[in-house]
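> Using only what follows, build the 3D model:
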Amino acid sequence: MDTDALEALRAECLQCARCGLAKTRSRVVFADGNPQAPLVIVGEGPGEEEDATGVPFVGRAGKLLDRVLLENAITRRWVYICNTVKCRASLIEGGRVSNRAPTAEETEACRPWLERQLQIVRPAVILCLGAPASNALIHKGFRMTQERGQWFTDIPYAPWVMASWHPAYVLRQGGDTHSRPRAELVADIDRCRKKVIEVRQQGGLLARGPARPEAPPEPEGGESLF
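Next comes the predicted model:
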């Protein structure tokens, strides 16, 4: 993985003015985690907390993501997290600023950043969270109810790509308890973890040359996943 190229891309992205979100954002939310990790998680876009901190998935949905990752013995330092859109999409309702879904034009304007990001990181596995990320990376018209949890192997950004529920959707469907979407998200992350191990054992990561991710440090009381 070319660290200098990724840092140069990040610096360039922080100055982006390709769409109107540049006028309303507080911060560009580029990424979090370990860019050498073999697993990349891609969401839709930043919300209020992410806009304030410049870090993806730090709000309620992000806290749930951390918990379901931990249930699979994964921490953020073992994955790389980014979004299809780098700036918060917002609107003013009743004098308050609220989140909204990015428009197709905003998503398309941001697409080159994501593509270049993934080309540099070169993960073995990508997990798309939610329909917007799946539409952007897998195919348009992605159907979460029918295609979630399936492997897609013809995607240029990684050998193995899967989609699962966005943590925000899980929260809307019953919260952080024992809902079916939550269980499916946990199971999908486990499948991604096992796929990374499988690819490494088969030499797939080793064959990637300089982009082969180093094994992340082991967390306290945990075993190395990758």
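> Which secondary structure element is home to Asp188?
Following DSSP states H and E, one finds Asp188 within helix 180-201.
> beta partners for the residue sitting nearest the centre point of the chain?
In the chain, the residue lying closest to the centroid (CA atoms, centre = their mean) is Val42, at 2.0 Å. Beta-bridge pairing of Val42 under DSSP bridges involves Cys82, Cys128.
> quick one: average pLDDT of the helix holding Asp188?
Helix 180-201 carries an average pLDDT of 96.
> then that helix to PDB, C-alphas only?
Taking C-alpha atoms only, helix 180-201 is exported to PDB below (Å, rounded to 0.1, in the frame of the first residue of the first chain):
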ATOM      1  CA  ARG A 180     -32.900  -9.900  12.800                       C
ATOM      2  CA  PRO A 181     -31.000  -7.200  10.800                       C
ATOM      3  CA  ARG A 182     -28.500  -6.900  13.700                       C
ATOM      4  CA  ALA A 183     -27.900 -10.700  13.700                       C
ATOM      5  CA  GLU A 184     -27.500 -10.700  10.000                       C
ATOM      6  CA  LEU A 185     -25.000  -7.800  10.100                       C
ATOM      7  CA  VAL A 186     -22.900  -9.700  12.700                       C
ATOM      8  CA  ALA A 187     -23.000 -12.800  10.600                       C
ATOM      9  CA  ASP A 188     -22.000 -10.900   7.400                       C
ATOM     10  CA  ILE A 189     -19.000  -9.400   9.200                       C
ATOM     11  CA  ASP A 190     -18.100 -12.900  10.400                       C
ATOM     12  CA  ARG A 191     -18.200 -14.100   6.800                       C
ATOM     13  CA  CYS A 192     -15.900 -11.300   5.700                       C
ATOM     14  CA  ARG A 193     -13.500 -12.100   8.500                       C
ATOM     15  CA  LYS A 194     -13.400 -15.700   7.400                       C
ATOM     16  CA  LYS A 195     -13.000 -14.800   3.800                       C
ATOM     17  CA  VAL A 196      -9.900 -12.700   4.700                       C
ATOM     18  CA  ILE A 197      -8.400 -15.600   6.500                       C
ATOM     19  CA  GLU A 198      -9.200 -17.900   3.600                       C
ATOM     20  CA  VAL A 199      -7.600 -15.600   1.100                       C
ATOM     21  CA  ARG A 200      -4.500 -15.200   3.200                       C
ATOM     22  CA  GLN A 201      -4.200 -19.000   3.700                       C
END
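> Much appreciated, bye for now.
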